[in-house]
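**Q** The sequence and its predicted three-dimensional model are supplied below.
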Amino acid sequence: MPSPSRSIVGEHFPLTDEQQNLLSLAEQVGRESLAPRAARWDREASFPFENYHDMRAAGLLGLCVPKSHGGLGADYATYMMVSAELGRHCGATALTFNMHSCSMMWTGILADDLDMSDAQRAEHLRYREHHFERVVRDGAIYAQPFSEGSAAAAGKAPFGTTATKVAGGWRINGRKIFASLSGAANYYGVLCTEESAAPSMRDTLYIAVPGDAPGLTVTGEWDPLGMRGTVSRTLIFKDVFVADELQLMPRGVYYQAAGRWPHMFMTLAPTYMGIAQAAYDFTVQYLRGEAPGMGAPVKRRMYPTKQIAVAQMHIMLEQTRALFLRAIQDARIDPGKQARLRAYAAQYTIMENANALCQLAIRTCGGQSMLKTLPLERLYRDSRCGALMLPWTAELCLDRIGREALYEPGESDDSPA
Ligand SMILES: Cc1cc2nc3c(=O)[nH]c(=O)nc-3n(C[C@H](O)[C@H](O)[C@H](O)COP(=O)(O)OP(=O)(O)OC[C@H]3O[C@@H](n4cnc5c(N)ncnc54)[C@H](O)[C@@H]3O)c2cc1C
């Protein structure tokens with residue numbers, strides 16, 4: 001029996017020894033811990049605490065913490081590949097792991113690329129040392145609740161959640177929806193707008209609110225179609241005091257990051273790259289009559305229609321992977337126009353193709369494959385969520401590609417001919 005692909009990047013993809021080791025670690029944790037429990041979080045819509053326990057024990061919570069601070073020191077491309085590998089085994093865990101890991105990556109290697117004054121840099125280095133220490137020493141989990149149900153998470157308006165400067169810190173007021181890891185995170189890295197007479201996106205503050213801070217409450221139901229283990233409920237902030245040293249970036253720097261490091265918004269995609277791979281692997285196993293969890297195996301590979309469908313899936317998967325692997329190598333500060341457009345194209349392709357592959361998988365395998373005793377129907381539901389995730393929803397990727405392909409910065413058509 002051929003085992004499902006051993007790695008999300010495929011054979012012979014050039015990897016450093018370190019990347020290879022991290023991918024092997026993710027594959028092992030995924031296969032032994034994440035995959036066997038995935039159905040449970042989905043059924044219960046509960047948070048995968050056990051998975052976090054195992055990922056913590058494996059050192060993975062420090063994946064994007066620099067080595068100088070005791071972490072595994074993954075760079076952007078390495079993180080993206082590891083995240084995709086985890087996504088093969090449990091989409092909901094991979095998606096929440098993304099919120100955690102990006103909190104470290106943005107504060108770490110990404111912030112290193114950004115312009116700061118000497119005073120800001122010194123302050124940032126001092127503050128982030130504590131964030132890294134909380135993760136590496138205490139095993140803390142960070143979340144990234146940005147969405148508010150307004151145009152802010154799409155990057156088109158200032159966040160409605162406000163931060164007012166007070167002695168020694170900030171007073172936060174507002175509300176975040178779809179906060180993955182709600183009730184589970186030790187820190188919520190919120191984006192909020194520094195209070196002023198004329199709120200501006202330039203005044204976005206990125207700050208970690210402790211999960212037990214007085215004035216912070218988690219509310220609302222969580223019973224969604226897919227990605228149920230993310231437990232993305234609503235957070236309410238009512239006069240929550242947060243000390244200065246909990247800033248994840250200095251004032252104004254998040255705005256710079258969003259403009260100059262666009263690949264930071266592509267990090268939700270690898271989860272769905274992993275789901276696409278899992279749907280393909282399942283289909284092959286199923287049609288060969290080898291899918292675990294079947295009473296009587298269903299063997300259908302001899303039918304030409306099945307072979308053609310698998311061929312279509314294979315082509316779609318390889319197209320998706322090729323763009324994924326290319327785009328993660330483009331990532332850097334101030335990428336050129338083509339790299340930026342390719343990032344949107346990669347995000348769009350991964351999110352849409354993951355769902356298309358799951359649809360094809362169900363159509364090809366047939367009715368028995370969508371029973372809840374098998375993983376495919378969960379993959380199908382989880383895959384539906386990818387294209388909805390701001391700021392780079394599938395729609396907004398189209399919007400950006402069309403506009404940025406046709407207009408150079410500063411161009412407009414105020415007086416159309
Ligand atoms: C499983 C899951 C987990 C999530 N976890 C998190 C999380 O941890 N943190 C977080 O911040 N968010 C999270 N989200 C939220 C997600 O990023 C979106 O904010 C959310 O799905 C938006 O839903 P909405 O219907 O309110 O979007 P709306 O704002 O109503 O937008 C609906 C659609 O309209 C389009 N649109 C929106 N704004 C514009 C615009 N200005 N111009 C043109 N088109 C636009 C977009 O395509 C969008 O998909 C999560 C979502 C899901 C499904």
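**A** Thanks, I have the structure now. Residues are numbered from 1 along each chain as shown.
**Q** Show me which residues of stretch 404-413 are buried.
**A** For stretch 404-413, the neighbour count (16 or more other Cβ atoms under 10 Å) marks no residue as buried. Bear in mind the C-beta positions are built from the backbone N, C-alpha and C, glycine included.
**Q** List the contacts of it.
**A** Lys337, Arg340, Leu341, Tyr344 (Cβ atoms under 8 Å, 6 or more residues apart in numbering).
**Q** Return the residues of the stretch 151-300 of the chain in contact with the ligand.
**A** Residues of the stretch 151-300 of the chain lying near the ligand by Cβ under 6 Å from any ligand atom: Ala151, Ala153, Ala154, Lys156, Phe178, Ala179, Ser180, Met227, Thr230, Ser232.
**Q** residues contacting the third one?
**A** Read that as Ala154. Contacts of Ala154 were listed using Cβ under 8 Å, 6+ apart, and they are Leu390, Pro391, Thr393, Leu396.
**Q** Phi first, then psi, for the residue nearest to Thr204 when sequence neighbours are not counted.
**A** Leaving out its chain neighbours, the residue that sits closest to Thr204 by Cβ to Cβ, 6 or more residues apart in numbering is Tyr254, at 4.7 Å. Torsion angles at Tyr254 (phi, psi; degrees, to the nearest 10) stand at phi -60, psi -40.
**Q** list the contacts for the residue of the stretch 201-350 of the chain with the smallest separation from the ligand?
**A** Closest to the ligand within the stretch 201-350 of the chain is Met227: 3.4 Å, counting by Cβ to the nearest ligand atom. Counting by Cβ under 8 Å, 6+ apart, Met227 makes contact with Gly91, Ala92, Leu95, Arg381, Asp382, Cys385.
**Q** And the nearest residue to it once chain neighbours are set aside, which helix or strand is it part of?
**A** Among residues not flanking Met227 along the chain, Cys385 sits closest, at 4.7 Å (Cβ to Cβ, 6+ apart). Here Cys385, judged by DSSP states H and E, is contained in helix 376-385.
**Q** same for that helix, what does it pack against?
**A** helix 35-44, helix 91-105, helix 269-287, helix 337-365 (3 or more Cβ pairs under 8 Å, 6 or more residues apart in numbering; DSSP states H and E).
**Q** Switch those helices over to a markdown table; also include mean pLDDT and mean neighbour count.
**A** Listed next are the helices and strands packed on helix 376-385 as a markdown table, based on pLDDT from 0 to 100; neighbours: other Cβ atoms under 10 Å:
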| stretch | mean pLDDT | mean neighbour count |
| --- | --- | --- |
| helix 35-44 | 98 | 17 |
| helix 91-105 | 98 | 27 |
| helix 269-287 | 98 | 27 |
| helix 337-365 | 98 | 22 |
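**Q** got the end-to-end distance for stretch 10-24?
**A** 13 Å (Cα to Cα, to the nearest Å).
**Q** if you average pLDDT over it, what comes out?
**A** Averaged over stretch 10-24, pLDDT sits at 94.
**Q** The ligand contacts on the stretch 1-150 of the chain?
**A** Met99, Gln144, Pro145, Phe146, Ser147, Gly149.
**Q** For the residues you listed, pick the one with the most neighbours.
**A** Pro145 (27 neighbours; other Cβ atoms under 10 Å).
**Q** circling back: and which of the contacts of Met227 is nearest Ser68?
**A** For the contacts of Met227, the residue nearest Ser68 by Cβ to Cβ is Leu95; the value is 28.1 Å.
**Q** At the contact with the ligand, which residues of the stretch 301-417 of the chain appear?
**A** Cys385, Leu388, Met389, Leu390, Thr393, Glu395, Leu396, Asp399.
**Q** Which ones among these lie within helices?
**A** Using DSSP state H, Cys385, Glu395, Leu396, Asp399 are the members of these that sit in helices.
**Q** For the residue lying closest to the third one once chain neighbours are set aside, give me the pLDDT.
**A** Spatial nearest neighbour of Leu396, chain neighbours left out: Ala154 (6.1 Å); criterion: Cβ to Cβ, 6+ apart. Reported pLDDT at Ala154 in the predicted model: 87.
**Q** Equivalent analysis for Phe159, please.
**A** pLDDT at Phe159 comes out at 95.
**Q** What are the contacting residues of stretch 55-72?
**A** In contact with stretch 55-72 (Cβ under 8 Å, 6+ apart) are residues 22, 25-26, 28-29, 33, 52, 73-74, 79, 82, 93, 97, 100-102, 104-105, 108-109, 129, 132-133, 135-137, 139-141.
**Q** hang on, I meant stretch 210-219
**A** Counting by Cβ under 8 Å, 6+ apart, 172, 179, 182-183, 185-188, 209, 233-242, 246 sit against stretch 210-219.
**Q** Give me the mean pLDDT for that stretch.
**A** Mean predicted lDDT for stretch 210-219 stands at 98.
**Q** Give the buried residues for it.
**A** Neighbour-count burial for stretch 210-219 [16+ other Cβ under 10 Å]: Pro210, Gly211, Ala213, Leu216, Val218.
**Q** what distance separates it from the centre of its chain?
**A** 23 Å (Cα atoms, centre = their mean, to the nearest Å).
**Q** I'd like to know how many residues surround Tyr142.
**A** For Tyr142, using other Cβ under 10 Å, the count is 24.
**Q** ok so, going back, can I get the contacts of Ala154 in CSV including neighbour count?
**A** Formatted as CSV, the contacts of Ala154 follow (neighbours: other Cβ atoms under 10 Å):
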residue, neighbour count
Leu390, 18
Pro391, 19
Thr393, 18
Leu396, 20
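**Q** just the residues you listed now: which is nearest Arg121?
**A** Pro391 (26.5 Å).
**Q** Skip the chain neighbours and tell me the closest residue to the closest one.
**A** The nearest residue in space to Pro391 (Cβ to Cβ, 6+ apart) is Gly155, at 4.7 Å.
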